[in-house]
Structures are given as structure tokens and as C-alpha cells.
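[1] Sequence isn't available, so here's the structure alone:
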């Protein structure tokens, strides 16, 4: 039991700040998970394939999704953009 007048559950604010700084530094130095690169390059390749498939089939079938028409180009570029937005965190 804690002595009267002492609060042992509270920590010093400098100690808390130091712990947060240590955790932030460790997180910054940590390598990416194993799935990060395949997902990043997968988005880029999927977007490229989506755009190329649309251009090849635009005169007849308009694949990958015929109902979207010209919006298939935006979907493809969106997938490529997601992949490129992941690149700053690649270590």
C-alpha cells in the first residue's frame, strides 16, 4: 500500500516525454513490413495493366469494366497514384 500523501502512479512529465521520443525514434528506424514492397509495386502494375487493357480493348469490348467507359483511365491512374504515394515510406 502506498504511503499517505504520495501518488506513485503518476510519472514525471520529462520521463513520459523521453519515452515518447524513444518510441518515435525506434518507429522511424524500423524496417518496412515484408508485405509493403509487393503491395506498393502491385498497385503500380495493376494500374498500368488496367490502363493498357482499356486502351487495347477500347474499340470493341472496353474492358476491364465496360460500364465505366472513359472512367477506366481514371481508375488505372488512381491505382498507380496509390502505389506512388506509398514510395516515401519505403525503406
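    That came in fine, so what should we check first? Just so it is clear, the model here is predicted, and its values are computed rather than measured. Numbers count the residues shown, from 1 in each chain.

[2] Find the least confident helix or strand in the protein, judged by mean pLDDT.
    Within the chain, no helix or strand scores below helix 13-29, which has a mean of 77 by mean pLDDT, DSSP states H and E.

[3] in that helix, what's buried?
    Judged by neighbour count (16 or more other CB atoms under 10 Å), helix 13-29 contains no buried residues. For glycine as for every other residue, the C-beta is placed from the backbone atoms N, C-alpha and C.

[4] Please state the offset of that helix from the chain centre?
    Chain-centre distance of helix 13-29: 23 Å, with CA atoms, centre = their mean, to the nearest Å.

[5] residues near residue 72, how many?
    Residues near residue 72, counting by other CB atoms under 10 Å, number 22.

[6] can you list contacts of the strand or helix carrying residue 78?
    If you go by DSSP states H and E, residue 78 is part of helix 71-86. Identification of contacts with helix 71-86 by CB atoms under 8 Å, 6 or more residues apart in numbering yields 36, 39-44, 46-48, 50-51, 54, 62, 64-65, 68.

[7] ok, of those, which come out buried?
    40, 43, 44, 46, 47, 50, 51, 54, 62.

[8] Now tabulate those residues in CSV and tack on secondary structure, pLDDT and distance to residue 31.
    CSV is the format used below for the buried ones among the contacts of helix 71-86 (DSSP: H, G, I helix; E, B strand; the rest coil; pLDDT from 0 to 100; distance: CB to CB, whole Å):
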residue, secondary structure, pLDDT, distance to residue 31
40, helix, 97, 14
43, helix, 98, 20
44, helix, 98, 21
46, helix, 98, 24
47, helix, 98, 26
50, helix, 96, 30
51, helix, 96, 32
54, helix, 95, 36
62, coil, 83, 42
